[in-house]
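**Q** Quick one, structure for this:
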Amino acid sequence: MSQQSNSLPPRSSGRKGPPAKPGKVKKKKRNPFLKAFFFLFFGLLLTAAALIVVVALKTSDAIDTIALDETEATPVPVKESVKQKPVAFVLMGIDSRDHGGGLNTDVMMVAAFNPSTKKATVVAIPRDTYVEVEGYRGRKANRFYADNYVVATRDKGMKKEAADLEAKKAVKEVMGKLFDIDIKYASMINFQGFSDVVDALGGISVNVDMRMKYKDTRDGTDIDLQPGIQDLKGKEALDFVRYRKSNDGKNMSSDFDRNRRQTEVLGAIVDKLVSIGGIPKIGGVIEAVGKNISADMHKQEITRMLETYYSIRSSDIEFLSLEGVWKSPNVYIDEASLAKVKAALQAKMAE
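**A** The predicted structure follows:
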């Protein structure tokens with residue numbers, strides 16, 4: 001007879017049903033896609049946070065460079081600021097690249113922004129436009145800044161910064177009288193800055209309207225663009241807006257053509273800035289702008305301007321050109337065109 005075992009059966013720990021079969025313990029499966037999603041999500045959050053910090057620091061530094069010195073600027077109350085009230089600017093471009101250039105503002109625009117609609121109207125002014133308003137001797141539009149700067153430094157003994165403000169004030173007054181609006185601010189960007197901004201964005205796409213080939217060894221100009229939709233880098237975009245003539249005299253271009261190209265490029269830059277592809281490049285754009293632009297604004301107002309219009313697109317901007325008739329050496333304003341752009345600017349300020 002066999003001996004009966006004294007061992008007890010295993011405890012069930014109160015569980016019902018048969019005991020578990022021997023073997024490996026079965027682990028609970030985790031969803032790999034869910035895990036990957038969370039890693040991606042938090043990675044994007046960290047990247048976005050880092051980008052915001054970098055952009056904020058660069059923006060702060062750039063604004064300090066662009067804006068007036070605190071001792072020269074008066075803070076603007078919020079209820080009177082660009083966040084609450086429409087505002088008009090004079091936008092000027094000057095050639096101060098390494099190979100030289102003068103004080104003439106070869107690019108001139110007047111822009112009106114409305115914070116209620118988040119829209120703007122921009123009027124391009126041919127540089128050779130003859131302008132004569134009360135209180136100022138008649139001359140080409142691009143001479144007002146240069147002439148008043150020279151008078152401020154030579155005759156009034158002002159230093160460079162003060163002369164710059166004096167000249168900007170004169171341009172604001174002249175353009176304000178021409179268009180019958182109050183122009184509060186003026187900004188100046190040099191051509192190198194324009195080129196740097198386009199490069200910081202990784203280039204822009206525009207429709208080159210004709211074969212553009214022109215070379216001038218005296219000022220370093222070397223334009224060589226093919227017609228059609230082209231992806232342009234900074235130097236090429238600058239060539240596109242500056243082009244006036246070819247060496248062989250075949251493909252000629254007017255100031256009105258240049259104005260149209262300027263607004264096309266400005267629209268392309270605006271759209272690239274707010275696109276997904278442009279967002280990571282904002283830091284570089286801000287650095288480029290900070291080095292190459294000046295404005296007679298308090299830095300707090302520049303910050304408010306960026307906060308109010310950061311998402312503006314080219315479709316939110318009405319681009320117009322002041323037209324005229326070319327009679328060498330000037331462009332004489334067409335009165336119907338003047339009335340049209342006046343009405344558009346005044347309407348934007350009144351919305």
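
**Q** Make sure residue 248 is indeed in a strand.
**A** No - using DSSP: H, G, I helix; E, B strand; the rest coil, the assignment for residue 248 is coil, not a strand.

**Q** Next, count neighbours for it.
**A** 8 (other CB atoms under 10 Å). All C-beta atoms are positioned from the backbone trio N, CA, C, and that covers glycine.

**Q** and what of residue 304?
**A** By other CB under 10 Å, neighbour count at residue 304 equals 20.

**Q** Surely it touches residue 81?
**A** Yes - the pair residue 304 and residue 81 qualifies as a contact (CB atoms under 8 Å) at a distance of 5.2 Å.

**Q** For residue 113, which residues are in contact?
**A** By CB atoms under 8 Å, 6 or more residues apart in numbering, the contact set of residue 113 is 82, 86, 87, 88, 89, 119, 120, 305, 308, 309, 348.

**Q** any idea which element the fifth one lies in?
**A** What it means is residue 89. strand 87-94 (DSSP states H and E).

**Q** by how many degrees do the following helix or strand past that strand and strand 87-94 diverge?
**A** Downstream of strand 87-94, the first helix or strand assigned by DSSP H and E is strand 105-114. Put simply, strand 105-114 runs at 160 degrees to strand 87-94, going by axes from the mean of the first three to the mean of the last three CA atoms, to 10 degrees.

**Q** can you pull the contacts of residue 295?
**A** Contacts of residue 295 by CB under 8 Å, 6+ apart are 66, 67, 68, 185, 186, 187, 188, 302.

**Q** Can I get those residues in JSON lines including distance to residue 146 and secondary structure?
**A** Shown next, in JSON lines, are those (distance: CB to CB, whole Å; DSSP: H, G, I helix; E, B strand; the rest coil):
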{"residue": "66", "distance to residue 146": "21", "secondary structure": "helix"}
{"residue": "67", "distance to residue 146": "23", "secondary structure": "coil"}
{"residue": "68", "distance to residue 146": "21", "secondary structure": "coil"}
{"residue": "185", "distance to residue 146": "19", "secondary structure": "strand"}
{"residue": "186", "distance to residue 146": "14", "secondary structure": "strand"}
{"residue": "187", "distance to residue 146": "16", "secondary structure": "strand"}
{"residue": "188", "distance to residue 146": "12", "secondary structure": "strand"}
{"residue": "302", "distance to residue 146": "25", "secondary structure": "helix"}
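
**Q** Take those residues and lay them out in JSON lines including pLDDT, neighbour count and distance to residue 160.
**A** Below are the contacts of residue 295 laid out as JSON lines (pLDDT from 0 to 100; neighbours: other CB atoms under 10 Å; distance: CB to CB, whole Å):
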{"residue": "66", "pLDDT": "78", "neighbour count": "21", "distance to residue 160": "16"}
{"residue": "67", "pLDDT": "81", "neighbour count": "20", "distance to residue 160": "17"}
{"residue": "68", "pLDDT": "83", "neighbour count": "18", "distance to residue 160": "14"}
{"residue": "185", "pLDDT": "95", "neighbour count": "20", "distance to residue 160": "19"}
{"residue": "186", "pLDDT": "94", "neighbour count": "24", "distance to residue 160": "16"}
{"residue": "187", "pLDDT": "91", "neighbour count": "19", "distance to residue 160": "17"}
{"residue": "188", "pLDDT": "89", "neighbour count": "24", "distance to residue 160": "13"}
{"residue": "302", "pLDDT": "86", "neighbour count": "21", "distance to residue 160": "21"}
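
**Q** could the residues you listed be laid out in CSV, adding distance to residue 236?
**A** Output for these, formatted as CSV (distance: CB to CB, whole Å):
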residue, distance to residue 236
66, 26
67, 31
68, 34
185, 30
186, 28
187, 24
188, 23
302, 29
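
**Q** Would you map the helices across this structure?
**A** 32-66, 144-154, 160-179, 191-200, 234-242, 255-274, 282-292, 299-309, 335-350 (DSSP state H).

**Q** can you tell which of those is closest to residue 136?
**A** Smallest distance to residue 136 across the helices of the chain (CB to CB): 5.6 Å, for helix 160-179.

**Q** What residues sit buried inside the closest one?
**A** 163-168, 170-179 (16 or more other CB atoms under 10 Å).

**Q** now do stretch 105-119
**A** 105, 106, 107, 108, 109, 110, 111, 112, 113, 114, 115, 119.
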